[in-house]
Structure formats: C-alpha cells, structure tokens
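Chemist: Requesting a structural model of the entry that follows:
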Amino acid sequence: MSANYEVRGNVAVITLDNPPVNGLGHATRLGIAQGLEKANADANVKAIVITGAGKAFSGGADIKEFGSPKALAEPNLLSVILAIEASDKPTVAAIHTVCMGGGLELALGCNYRVVQAGTQIALPEVKLGLLPGAGGTQRLPRVLGAENALNIIVSGEPVPAEMLAKAPGQKLFDKLVDANVLDAAIAFAQEKADVRPAPLVRNLKAQHPQREAYFQFARNMVGGMSKNFPAPLRCVDAVEAAFTKKFDDGMRAERELFTALMFTPESKALRHLFMAERAASKIPDVPSDTPTREIKKVGVIGAGTMGGGISMNFLNAGIPVTILETKQEALDRGVATIRKNYEAQVKKGKLKQDKYDQRMALLSTTLNYADLKDSDLVIEAVFEELGVKEAVFKTLDEVVKPGAILASNTSTLDVNKIAAFTKRPQDVVGMHFFSPANVMKLLEVVRGEKTAKDVLATVMQIGKKIKKTCVVSGVCDGFIGNRMIEQYSRQAGFLLDEGASPEQVDKAIEKFGFAMGPFRMGDLAGNDIGWAIRKRRSVEKPGMRYSKTADLLCEIGRYGQKTGAGWYDYVPGKRDAIPSPVVTEMIDKHRASLGITPRKISDEEIVQRLVFSLVNEGAKIVEEGIAARASDIDMVYLTGYGFPMHRGGPMQYADEVGLFNVAAAMKRFAKNPNDDAEFWQPAPLLAKLAAEGKTFS
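Modeler: Prediction:
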C-alpha cells in the first residue's frame, strides 16, 4: 500500500507513503479511500488526520504514472476528494514541507488544515500547459480570494505557507505551527471531533466587490505575458467560474477547460519537456548508483569569455576555481570581466554583497600549470584548434594528479583525438558549455570511446550542482547541437540563393517562435566563426555544398555586431539589425553569377526547410547512437539554441506535424535543383517511423 493507517487514541491517521514526494499514484489514492472507509466504520474513531510520510505532504500527481491508464483509474483524485468531503467524521490535513498540485487540492477537500511553517504551497499545473483539474481553481479562491488564488494558479510558483497564513480573511489554514504538525493536527482533530456540520470549502461563497473589472484586468495582464501559451488565460476563465457559477457547475467548467488543454500542442510540448529533462539525466549503460569522484577544486584553462563564464558556474556553486592563462594581462582582463558581471547583479539586487565577496574569495589565478596539480577537474577553454588543445592536454597529463577529470570545452573537435594526447584517455571527457556560459542552461557532455563510466556519472552530477541541463552526446563532428545547426545554416544560405532576403528568413523563423533568426544569430556570434569551420570542412568534406554568400560576406570584413556590419548594418551602442543595401547587392550579384532567377518564397517554406533540416539530421544522430533518445535532441535545442518552448523541440514538433507529412515535405525539397537533393532523402529512422505511422517519442 502507498498509504498507511493507524489509530492514535480516538483519531485515525492516514499517511501517504509514496517516496520521494508522496505522488498521488493509484495505490496511494486507493490507500486513502480504504483508510477513510475503515475510519468511518470504526466506532472508536472520532476524527481523521491525513498527512504525508518523509519530506512532503504531497507533491501532487505521480509522474511515474503520467500518460498511463493508472493515472485515470478509479478512484481518481476527484473521487478521493469527494470521499473525504462525504466522510461522517471530521477530516484534518496535517500539511508540511511540500504541498503542491493535487496534494493541495486534496487538502482543500478536508474540513480543516493545520500547516507547519516553511511548507511550500503551489499549484504548478500551468507549467505543464494545464490548469488544476481536481477543484483547485474552484476551492482556492474560496479560501484565499481572487487575487491571491489567481497569482498562485497562473504563476505556478511556490509560496511559503506563513505568507499565506497572514493574508487578510484567509480560510486556507486553520492553524500554523512551528513544528510537530502531526501532533498538533491530532490535538486539533480531537478538539473539533464533535463539531457538526463540519465546514467544507465548497460551501464557502467566492466573492469580489468588483468582479467584472478585476477579471478583465487579470485577462489583459495574463494575456500580455503568456503569448504562445493558452493555459494561463484558461486559468483566469476557470477561477472566474468560481465567482459566477454554483460549485458543481464551476467544477464542470474546470474539467472541460482542463480536458481541452490536455490536447493542445503547447501542453503536449511542455509535458514532453518535463519528461525529457528527467530522461536526459539517465544514461542507458551507466546505473544511477555508479560511484562518483569527489570534485572539491576546479581548474579552468583560459580566461576569455568562455573560461570566465565557466568559472562563474563553479564559484556560484561554492567550488574553488583556479584560472590559468599564458599572460598576466589576459588574466587581469578575465577577472575584471567576472567582477563586472557580479557587480551588475549586485546593482540589480539579484546578488547580495557578502555572497559576491564569498564567490570572489574562491577564485585564484596562475600562469603556472603546476598550480593545477591538486585539481579534481580541469576544463580547457582555449582556442578551437587541435594543435593548441594537444599542447594543453599533454601538459595536463604530466602535471595533474592521477584520478582527476580532464575536460575539453571544444564545440566541434574530436574528443577521442584529444583523449589520445594523454596516457589516461579514460579520464577525458567533453564539457561543451554554451556562450555566455554563466547564463546558458545547456551543457553537452561528450562521451569519448574510452571515457570511464564513473567520469560520466561525476560530470552529470557536477553539471546538476552548477544548475545545468546536461545532455550526453557521442563523438562526431559538432556533437548534437552544432552538427544539426550546420544543416539549418546551409538551408538558410540556399534560401538566399533562391530569392529570399536575410530579413525575410529571420522574420519567418522568429514568427515561428525562435528567439533569433539564423542571420541575426550569425551577426551576434561572429560570422568569422562559421567561416573558419567552412574552411576546415572544404578540406575534410570537399563534397559538402554551401551557399557562397556567407564567405563573400566575410571576405568584405562584415563579421557582425563586433565590426558594426554583418548581414545587417549596426549603429554604435545599439543592437538593432538594419537591412543593408550592400548585402542586398552582394546577394543579387551572386545569384546572377549562378544564373538563378529569384522566386517568391513563402514563410511556410522557409520554416519547413529550416526546421525539417534539424529534424532529418536529428534522426541520423539518434540512429547512429550519438544521442540516446530523440528527446535529448529536443533538450539541446530548447536549452541551447532558442527553439520555441511551446513547440517542444524539433523532434517533438515533427511528431506533432506527423512524420508522414515531414517525410513528404522532404521528398518535395529534394526535387529543388538549387537545394541539396541528397540531404533531403529522409533519414532511414525517419522513413521507417513515417511508414509505420509511429513517432520519435
């Protein structure tokens, strides 16, 4: 059973016991229902207390049952709450630590609620593109009023119980205690054992003196903040129903809204993201109990933008860092940038002065490799050239203690080659941070052929500690993210050759939801970076076709924002991208030299070619085992490349469109003489799934 039953004096205690957060899975719901029945049948029992074992009252739905028949099996949560409300004997919820989602809805079904200080209260369903579906939108406004209830429901963020206990006129908590909530709830239950009728939240009236004006205001506010996501506005509708309808009719309205949201692509995308994030941390052949190495000291080689950003992640987590550079002025520049970043946070009130001082105290600098000898983890963030990496790793191999992890922040180079520069390839791993490294969530963990399992487990663990979303990639050119973005960039170039302008391409993909289109992105990152990669490609893969426009752009020195001119023109001190007549002329001339007559290209074609190029390359990456699962690719794109959250990542989006339709579009693109016909042959995995009517997930 996932709920325990015992009688203390004349009070029955039902304890939810489904670690780690007492999720309301089927066995737990059944346990509560059976406990209620038993208590109501026992003449010696006068009242009932419901609580949670361990470190939670209840975190809500059981994620292990998401999407399975068990999640909906009777007694469902609505039935359990009805059984609590129908109890002949008063019920008291003894709430502590965590009370969220269905856990809060369950507590609202009880006659009374005793809460321990420090408890986090939340209805986070909106983060999955849903709304509370077991009465949360109907009961919470009755005990907290419209404003407080709506804030909790629309934000999905946790609020400390003591803050809510102070809200004027609140009826959410009958008693707030500092400790021993179960004893307090039992005593409270004995006190209320003979009170009849026992109060029910459903019988309270939801009132607001200026209801219509308030909900209109709420709609305007919420609508402005939640574009692309329907759930927040539906939350407003559901809460308003508590004020305009009888309780049972309000419950029906909530249910209808909840069910409709379940089927929206946005909710599917957010639920996919929720599960994908959990799946990404699991490596098929590395058990979760794999012993890890201790990381007490970190060395970072290179004090540039990347090295400084990487160092900040560890300083933020309280881990001492030593940065190594070849010249003192480079070190001074790097440390000054770190200071400037922290000082900006202090100024904005995001960081307290003492915390800033603590972090800076953990930072030391050196010009001597010998000072890294005691590091447990050394991350190299030097120039992206194999010869430079070779010199660094050979030196580290000689200097750093045995058992230390040696990591490279390379974004495209072969980690197996880098590992071979050492006598300890088992200790070498790729840790590809994204720029700016102190802000971006993604960390691609690149597993070399010889990387030891405990090294992998340790890096995943430390990644979590520095608050990164870690995704494991095998070794290939560009790993997961950059290998795919190359195809996306190639398509962007072909679109220019055929008649589109940089601003049309950017606008189309930004309307789809990307934070930035490929050309604005190139200007921000520096067009010379892609230029260097293409030069390397022409030697390694001479058959790979590109539009020449990007090279022509670099040949006239238009590297992007840093030179004040790229695909767009820039005014000093501003980041606005201004269409450039120079670029238009350059593209026109190039097009003419190819003998291409420009055609009108629809925004739909632009989006499909860019996004489906990611999908096709992604399918190859899964098939080759570079990524363990399609959802890992989605995590890379959502957290590292600005793919729109409401679309759930390229692979999830392809599933939503239907793989049959995706493959059909690819076959159409393959017929275009100015595109790359070979690339548009659907990847074998994609073709197979499309033929079988299946999805990546």
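Chemist: what sits against Glu162?
Modeler: Counting by CB atoms under 8 Å, 6 or more residues apart in numbering, Glu162 makes contact with 117-118, 176. No exception for glycine: its C-beta is placed from N, CA and C like everyone else's.
Chemist: start to end distance for stretch 272-288?
Modeler: Using CA to CA, to the nearest Å, the span of stretch 272-288 from its first residue to its last is 22 Å.
Chemist: What mean pLDDT does that stretch get?
Modeler: The average of the pLDDT scores along stretch 272-288 is 93.
Chemist: and if you look at stretch 202-212?
Modeler: For stretch 202-212, mean pLDDT is 93.
Chemist: returning to that earlier point: who wins on neighbours among the contacts of Glu162?
Modeler: For those, counting by other CB atoms under 10 Å, the largest number of neighbours falls to Leu176: 19 neighbours.
Chemist: Checking it next. Helix, strand or coil?
Modeler: When the structure is reduced to helix, strand and coil (DSSP: H, G, I helix; E, B strand; the rest coil), Leu176 reads as strand.
Chemist: Beta-bridge partners for it, please?
Modeler: Val115 (DSSP bridges).
Chemist: Count the residues that sit near Ile405.
Modeler: Taking other CB under 10 Å as the neighbour definition, Ile405 ends up with a count of 27.
Chemist: Show the contacting residues for the nearest residue to it once chain neighbours are set aside.
Modeler: Counting by CB to CB, 6 or more residues apart in numbering, Leu377 is the residue found nearest to Ile405 once chain neighbours are left out, at 4.6 Å. Leu377 makes contacts with 295, 297-299, 404-405, 407, 462, as judged by CB under 8 Å, 6+ apart.
Chemist: picking up where we left off before, ok, of the contacts of Glu162, which one's closest to Val455?
Modeler: Nearest to Val455 among the contacts of Glu162, counting by CB to CB, is Gly118 at 37.7 Å.
Chemist: quick one, what contacts the closest one?
Modeler: Contacts were defined as CB under 8 Å, 6+ apart; by that measure Gly118 touches 97, 160-162.
Chemist: ok, now Ser155?
Modeler: With CB under 8 Å, 6+ apart, Ser155 has these contacts: Val126.
Chemist: at 7 Å instead, please
Modeler: The contact partners of Ser155, by CB atoms under 7 Å, 6 or more residues apart in numbering, come to none.
Chemist: Can you list phi and psi of it for me?
Modeler: For Ser155, the backbone dihedrals (degrees, to the nearest 10) come out as phi -80, psi -30.
Chemist: swap in His432?
Modeler: phi -90, psi 100.
Chemist: Now do the SS call for Asp506.
Modeler: helix.
Chemist: can you count the residues close to it?
Modeler: Asp506: 25 surrounding residues under other CB under 10 Å.
Chemist: what residues are up against it?
Modeler: Taking CB under 7 Å, 6+ apart as the contact definition, Asp506 lies against 517-520.
Chemist: What are the boundaries of the strands in the stretch 301-450 of the chain?
Modeler: Listed in chain order, the strands of the stretch 301-450 of the chain (DSSP state E, counting those that start in this stretch) span 321-324, 363-366, 377-380, 405-408, 428-433, 442-446.
Chemist: domain parsing for the protein?
Modeler: In the assignment given by automatic domain parsing, the structural domains of the chain cover 3-262, 298-473, 481-691.
Chemist: Compare these and give me the one nearest Leu270.
Modeler: With distances scored as CB to CB, the stretch of the domains of the chain nearest to Leu270 is domain 3-262 (4.2 Å).
Chemist: Please report how far Gly67 lies from Ile48.
Modeler: Distance of Gly67 to Ile48, given as CB to CB, to the nearest Å: 32 Å.
Chemist: Please say which of these two ends up with more neighbours.
Modeler: Neighbours were tallied for Gly67 and for Ile48 using other CB under 10 Å; the higher tally belongs to Ile48 (28 against 10).
Chemist: Is that one in contact with Ala93, as I believe?
Modeler: No: under the criterion of CB atoms under 7 Å, Ile48 makes no contact with Ala93, lying 9.9 Å away.
Chemist: Give the buried residues for the helix or strand where Leu685 lies.
Modeler: Using DSSP states H and E, the element containing Leu685 is helix 684-691. Neighbour counts using 16 or more other CB atoms under 10 Å place 685-687, 689-690 of helix 684-691 among the buried residues.
Chemist: Next: stretch 176-194.
Modeler: Applying 16+ other CB under 10 Å to stretch 176-194 flags 176-177, 181-182, 184-190, 192-193 as buried.
Chemist: Can you name every helix or strand that the lowest-mean-pLDDT helix or strand in the chain contacts?
Modeler: The helix or strand of the chain with the poorest confidence is helix 527-540; it has a mean of 79 (mean pLDDT, DSSP states H and E). Using 3 or more CB pairs under 7 Å, 6 or more residues apart in numbering; DSSP states H and E as the contact definition, the elements that helix 527-540 packs against are helix 549-555.
Chemist: Ile626 touches Gly474, doesn't it?
Modeler: Yes: between Ile626 and Gly474 a contact is recorded at 4.1 Å, counting by CB under 7 Å.
Chemist: which one of the two has more residues nearby?
Modeler: Neighbour totals were compared for Ile626 and Gly474, and Ile626 leads with 22 against 17 (other CB under 10 Å).
Chemist: if I've got this straight, Lys240 is in a strand?
Modeler: Not quite, residue 240 is Glu, not Lys. No: under three-state DSSP, Glu240 sits outside any strand and is assigned helix.
Chemist: Not counting sequence-adjacent ones, nearest residue to it?
Modeler: Glu240 sits nearest to Phe215 (CB to CB, 6+ apart), 4.8 Å away.
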